[in-house]
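Chemist: no letters, just coordinates:
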């Protein structure tokens, strides 16, 4: 499988649809023990769940190289998202550089519902250029 | 109602366990062995498994949901750096403080620390309110 290490700046991932099923949302909420989202009326999904599922969709196209670290994250939420909704994530390698044996990569994420953005973001990750370099 | 500058946000405290990390790996589809494979993780600079940054960040977002409700879901913005890893057994506390109000937005500084006081995540959040 392709890894992010194989991809260059400007690479665009194919749009990936995903559904916020009750089963998946329940598993996510349980894993992060989110007690606040359940206090809101409206079957809302935690906004970080949308971000997590966007990254999950990305990883179905390119896996993380061993030793990948998450250096930073920017997220903007523009509309509440509810259980059962269908979303589409688009992603692009916005930047890529190298320093001291590590690659530094910025990945832009855009999640939309019916063509309108509900979340945009940018993940900054780093990974060793040679396998085992992080050891 | 907006919180005044200087107001603190309600903290969120969680204890990281390997089971929680594994559960997040399944939900998030992130099979990075640094999180789930003790043998691999022991061979890295971390010496053992660490939690996903997005798992720790979920605690910060939970705090912001508790503080701002649906406004956070509809207009939240978060920009953070991951500064140190969270490990199984760590007791983490997400906290934040309103720093200013600008153009209809409430600006907060946010962070997450372990029980030793080490800052694991720090950054800024803003929400229309």
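Modeler: Received it, and whenever you're ready, just let me know what you need. In this text the structure is predicted, and so the values were computed from the model without any measurement.
Chemist: only C-alpha atoms from now on, for both contacts and neighbour counts.
Modeler: Fine.
Chemist: give me the low-pLDDT residue ranges for chain B?
Modeler: When residues are selected by pLDDT under 70, those of chain B lie in B:1.
Chemist: residue of it closest to chain A, please.
Modeler: Minimum separation of chain B from chain A (CA to the nearest CA) falls at residue B:44, amounting to 3.6 Å.
Chemist: name all residues that make contact with the spatially most central residue of chain B.
Modeler: Nearest to the mean C-alpha position of chain B, by CA atoms, centre = their mean, lies residue B:57 at 2.7 Å. Residue B:57 makes contact with A:48, B:121, according to CA atoms under 8 Å, 6 or more residues apart in numbering or on different chains.
Chemist: hang on, it in a strand?
Modeler: No. Checked against DSSP: H, G, I helix; E, B strand; the rest coil, residue B:57 lies outside a strand; its state is helix.
Chemist: strands along chain B, start to end?
Modeler: Ranges of strands in chain B, per DSSP state E, are B:12-15, B:77-82, B:91-102, B:105-113, B:119-128.
Chemist: at contact distance from chain A, anything in the second one?
Modeler: Yes. If you take CA under 8 Å from any CA of the partner chain as the test, strand B:77-82 does meet chain A, through B:77, B:78, B:79, B:80, B:81, B:82.
Chemist: just checking: what are the partner strands of that strand?
Modeler: Here strand B:77-82 is paired, per DSSP bridges, with strand A:69-77 (antiparallel), strand B:119-128 (antiparallel).
Chemist: for the last one, buried residues please.
Modeler: Of the residues in strand B:119-128, those buried by neighbour count under the rule 16 or more other CA atoms under 10 Å in any protein chain shown are B:119, B:120, B:121, B:122, B:123, B:124, B:125, B:126, B:127, B:128.
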